[in-house]
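Student: I would like to see how this sequence folds:
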Amino acid sequence: MPIRAVLWDIDDTLFDYTGADAAGLARQLEAEGIAERYGTPVEALALWRRITDRHWERFAAGEGTFQGQRRDRVREFLEQPAMTDGEADAWFDKYVEHYKAQWKVFPDVVPVLDTLAADYRHGVLSNSSLVNQDPKLRDLGLRDRFEVLICAVELGVSKPEARAFLAACEALGLPPGEVAYVGDQPEIDARGARDAGLLACWLDRDGGRGPGPEGAHRIEGLEQLPELLAADTRFGARSGIR
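Tutor: From the prediction side, this is the model:
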């Protein structure tokens, strides 16, 4: 079966989430006068990411609410467990303002979407929420590029579970064998898509992170994607893409 549609991850695939997160957090800590408490900006971001990942995993497992995991991240990061909900919300909202000011699309995104527009349908599957991701795509000028936007919070299931990928395929009205998934995470994105029966495309922009899951196709830039989709190498043909 030929590939008829591409599903996309958003953060660190379409837009520079890590860069925006790092700059936004640094500006928030500077504004609060507490930057020195966390060492370098890299160390501060690493701590923020570890806390974020842990609380998101709890939320994805059905523990707590979306807003609650945000509040808990702030309390743990600041080491202020007694913060009220309003105080935690206010801190997070200020951080988001700094973070949003740094949003930018990777330079290879629009060219590849233009190249693929005539031959493939497009959608998004994200482990976030519509409240976050729909405005983000609109601000970045990308929302109209995608037929469907499926997010874990509203769906009730997250990547790498097969049900998340299959729900997105169903929204497109296509079987998984006719859909490719492009994401930056080798396990959550590539392995999850592969196990659900999609063509798994792992975007390793930094390079050097290893070969990735067996059966997934590693690319180092989106300019390599059109060749991969045209080759459709899931069934043993040689890809030419590492």
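
Student: which other helices and strands contact the longest helix anywhere in the chain?
Tutor: Under DSSP state H, the helix in the chain containing the largest number of residues is helix 41-60. The contact analysis (3 or more Cβ pairs under 8 Å, 6 or more residues apart in numbering; DSSP states H and E) places helix 41-60 against helix 17-32, helix 66-78. To be clear about C-beta, it is placed using only N, CA and C from the backbone, and glycine gets the same treatment.

Student: for residue 143, find the nearest of those helices.
Tutor: helix 17-32 (16.7 Å; Cβ to Cβ).

Student: list the buried residues in that closest one.
Tutor: Buried residues in helix 17-32, counted by 16 or more other Cβ atoms under 10 Å: 17, 20-29.

Student: how about stretch 97-114?
Tutor: When neighbours are counted by 16+ other Cβ under 10 Å, the buried residues of stretch 97-114 are found to be 98-99, 102, 106, 108-110, 112-113.

Student: identify the residues contacting it?
Tutor: Contacting residues not belonging to stretch 97-114 are listed as 13-16, 19-21, 23-25, 27-28, 31, 122, 136, 139-142, 145, 205, 221-223, 225-226 [Cβ atoms under 8 Å, 6 or more residues apart in numbering].

Student: so the spatially closest residue to residue 27 that is not a sequence neighbour is in which element?
Tutor: Using Cβ to Cβ, 6 or more residues apart in numbering and skipping residues adjacent in sequence, the residue nearest residue 27 is residue 98, 4.1 Å away. Counting by DSSP states H and E, the element that carries residue 98 is helix 85-100.
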